[in-house]
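S.K.: sequence plus the predicted model coming up.
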Amino acid sequence: MKIVVIGGGWAGCAAAITAKKAGAEVHIFEKTDLLLGLGNVGGIMRNNGRYTASEELIALGAGDLIHITDRVSRHRNIDFPGHKHASLYDVNKIEGEVLKYLKELDINVHTVARVTDISMAGKKITGIYLADGSYVEGDVFIETTGSTGPMGNCLRYGNGCSMCILRCPAFGPRISISERAGVSDIQGERNGDELGAFSGSCKLAKESLSKEIVEQLDETGVVILQVPEEDINYGKLEAKVCQQYALKEFAENIILLDTGHAKLMTSYYPLEKLRKIKGLEGAKYVDPYAGSKGNSIRYLSVAPRTDDMKVIGVDNLFCAGEKAGLFVGHTEAISTGSLAGHNAVRFALGMPALILPRSVAIGDLISYANEKSVTREGRKGRFTFAGSDYFKRMQAEGLYTIDKDEIARRIDKLNLTDVFGMKLV
């Protein structure tokens, strides 16, 4: 059985791991030269409800990537406005660690391998075409291409291409596999009939900051600096994909987190104004390089799916990550990817799909986001364990806890302990 994963971000890597554990031959095709995509500039884990979801993944048998991020975290159990008990992994170390682990599992990783088209027989995908002209057949396909790019989207819906971490000009545009298969994508919306959303943060070179700021970042992981009153821009919060950070504190302050670089918690900030703030007089953006102007526009390519992560209208295509809904974050991508990879193998074997019950936070998020995607108001939402409306729902439904033993008991009561570690083939 050959499972083909298209896209090597967090969701694609998670899907590959669970499909491999279930016994399949697994191939990942990633268009750039690095795995993890936006995970190379992310870094925040275990904040708020993501702690619960991380421990659920471990109990379900899909904690591999959580353990790696824990291992390379620079800071653990830190708080910043609106967020508690966060871990910050080192963005400069994470990709190499994940790549090493995938290879140890004998997962076939193909980088600089952009998928440009597919072949079909009826409603079934039979293979993929790569930019170099080669053709690859497969039994089941999992699309985890995300929803960022090509660069024309940043020009059309944002403030201009900022040469973000996905590097469309260098490695070529992403394509929507589901649309190539004849399924119309869903698009996330904003107020005022706008589509998409900005990424939530930028990176500053720590070396460009004052000695005092660097020392505080290294010691505590967090620095908060007040924005001059004349430069406060509350309107920018509405454009952020990461609504868990769309709090007034993120407009009134510069919030820096230590992820190896200094993670600047705003989607963009004019460099001239940034350098007015004490300690940031020599600040320099690392990624995106055009952080003064804008950041990757996302949520323009979401596939309609069922709660088992199967794309509606294609017989053998699953999806995960941002491609599977208006999800925000690494933990959310790992969660949906883990389910997609496992169910791809079940599908190939003719077994019933696994749908995680709503008494599990991961299962509830997957179902809840699906329900919301059918309404225009719902398409304005962004769903994350870490904040905004969904974290409030987690709390109201009694799903949020940081008690590891309680989480393990919940999973065990459902007979789901280590389900993603189960060999099926």
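M.R.: Received, thanks. Keep in mind the model is a prediction, meaning the values are calculated, not measured.
S.K.: for stretch 289-297, how far is the first residue from the last?
M.R.: For stretch 289-297, the first-to-last residue distance is 15 Å (Cα to Cα, to the nearest Å).
S.K.: actually stretch 186-206, not the one I typed
M.R.: One end of stretch 186-206 to the other measures 38 Å (Cα to Cα).
S.K.: report the buried residues of it.
M.R.: 186, 188-190, 196-204, 206 (16 or more other Cβ atoms under 10 Å). Just so you know, the C-beta spots here come from the backbone N, C-alpha and C atoms, and that holds for glycine as well.
S.K.: what does stretch 77-85 give?
M.R.: Buried, per 16+ other Cβ under 10 Å, within stretch 77-85: 78, 80, 82, 83.
S.K.: any idea how far residue 30 is from the last one?
M.R.: The reference is to residue 83. Distance of residue 83 to residue 30, given as Cβ to Cβ, to the nearest Å: 30 Å.
S.K.: the buried residues of stretch 77-85: which two are farthest apart?
M.R.: For the buried residues of stretch 77-85, the farthest-apart pair by Cβ to Cβ is 78 and 82; their separation is 12.8 Å.
S.K.: residues contacting stretch 151-158, please?
M.R.: 160-162, 164, 168-169, 173, 194-196, 198, 294-297, 300 (Cβ atoms under 8 Å, 6 or more residues apart in numbering).
S.K.: which one in the buried residues of stretch 77-85 is the model shakiest on?
M.R.: Lowest pLDDT of the buried residues of stretch 77-85: residue 82, 89.
S.K.: in this structure that one contacts residue 387, no?
M.R.: Yes - using Cβ atoms under 8 Å, residue 82 is in contact with residue 387, at 6.1 Å.
S.K.: show me where pLDDT drops low in the chain?
M.R.: 191-193, 234-247 (pLDDT under 70).
S.K.: just the buried residues of stretch 77-85: which are in strands?
M.R.: 78, 80, 83 (DSSP state E).
S.K.: helix or strand for residue 120, which one?
M.R.: strand 115-121 (DSSP states H and E).
S.K.: still on that earlier bit, and the ones in strands among the buried residues of stretch 77-85 as CSV, adding distance to residue 35?
M.R.: Listed next are these as CSV, based on distance: Cβ to Cβ, whole Å:
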residue, distance to residue 35
78, 26
80, 27
83, 26
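S.K.: pick the one among those closest to residue 371.
M.R.: residue 83 (25.9 Å).
S.K.: these two touch, right, the closest one and residue 50?
M.R.: No - contact criterion Cβ under 8 Å: residue 83 and residue 50 do not qualify, at 9.3 Å.
S.K.: overlap of the contact sets of these two?
M.R.: Taking Cβ under 8 Å, 6+ apart as the criterion, residue 83 and residue 50 both touch residue 386.
S.K.: give me the three-state assignment for residue 263.
M.R.: Using DSSP: H, G, I helix; E, B strand; the rest coil, the structure places residue 263 in strand.
S.K.: what pairs with it across the strands?
M.R.: When bridges are called by DSSP bridges, residue 263 pairs up with residue 203, residue 257.
S.K.: separation between it and residue 349?
M.R.: 42 Å.
S.K.: how about the lengthiest helix in the chain: buried residues?
M.R.: The residue-count maximum for a helix in the chain (DSSP state H) belongs to helix 330-349. Buried residues in helix 330-349, counted by 16+ other Cβ under 10 Å: 330-348.
S.K.: tell me the first helix or strand C-terminal of that helix.
M.R.: Next along from helix 330-349, by DSSP H and E: helix 361-372.
S.K.: which strands or helices does that next one pack on?
M.R.: When contacts are defined as 3 or more Cβ pairs under 8 Å, 6 or more residues apart in numbering; DSSP states H and E, helix 361-372 sits against helix 49-60, helix 330-349, helix 388-396.
S.K.: 6 Å instead, please
M.R.: helix 49-60 (3 or more Cβ pairs under 6 Å, 6 or more residues apart in numbering; DSSP states H and E).
S.K.: tilt between whatever helix or strand residue 102 lives in and helix 330-349?
M.R.: Assigned by DSSP H and E, residue 102 falls within helix 94-104. For helix 94-104 against helix 330-349, the angle by axes from the mean of the first three to the mean of the last three Cα atoms, to 10 degrees is 20 degrees.
S.K.: what separates helix 94-104 from the chain centre, distance-wise?
M.R.: 17 Å (Cα atoms, centre = their mean, to the nearest Å).
S.K.: going forward can the numbers begin at 41, since that is how I track them
M.R.: Yep, numbering from 41; the last one is helix 134-144 now.
S.K.: in that helix, what's buried?
M.R.: 134, 135, 137, 138, 139, 141, 142.
S.K.: try stretch 330-347
M.R.: 330-345, 347.
S.K.: list the contacts of that stretch.
M.R.: 187-188, 193-194, 197-200, 202, 204, 216, 218, 225-228, 235-239, 242, 281, 307-308, 310-311, 325, 328, 351-352, 359, 363-366, 395, 406-407 (Cβ atoms under 6 Å, 6 or more residues apart in numbering).
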